[in-house]
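In: structure, please.
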Amino acid sequence: MPDDAKTTTDFIEQLRESTDEELRDRRAQITESLQNLRFRTASGQIDDPNRIRKYRKAIARINTILRERELGLRRAR
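Out: Next up is the predicted model:
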């Protein structure tokens with residue numbers, strides 16, 4: 001989950017205001033961070049294991065917004 005959003009609602013609003021390309025870039029960054037977190041967890045270097053769950057949810061939210069736009073349910077602003 002991006003650290004600049006204070007609440008989930010803020011994060012979702014930021015995502016909805018982003019373009020498709022920005023969403024794909026953000027998803028790639030979060031996926032890379034998630035992979036790094038998993039390696040750090042395996043080696044016992046992580047302080048907050050809940051971050052993995054937050055990152056997975058962020059990726060799912062981005063995928064949902066991209067799919068909504070693909071189906072024409074919502075449009076990019």
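
In: burial of Ile46, as a residue count?
Out: The number of residues packed near Ile46 is 16, by other CB atoms under 10 Å. Glycine gets a C-beta too; all of them are placed from N, C-alpha and C.

In: low-confidence ranges, the chain, go.
Out: 1-4, 75-77 (pLDDT under 70).

In: so the residue nearest to the spatial centre of it is in which element?
Out: Nearest to the mean C-alpha position of the chain, counting by CA atoms, centre = their mean, stands Ala58 at 2.9 Å. Secondary-structure assignment from DSSP states H and E places Ala58 in helix 50-71.

In: and that helix, what does it pack onto?
Out: Packing contacts for helix 50-71, counted by 3 or more CB pairs under 8 Å, 6 or more residues apart in numbering; DSSP states H and E, involve helix 8-17, helix 20-42.

In: burial of Thr8, as a residue count?
Out: Thr8: 13 neighbours (other CB under 10 Å).

In: rewinding a little: got CSV for the helices and strands packed on helix 50-71, with distance to Arg51 too?
Out: Shown next, in CSV, are the helices and strands packed on helix 50-71 (distance: least, CB to CB, whole Å):
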stretch, distance to Arg51
helix 8-17, 14
helix 20-42, 6
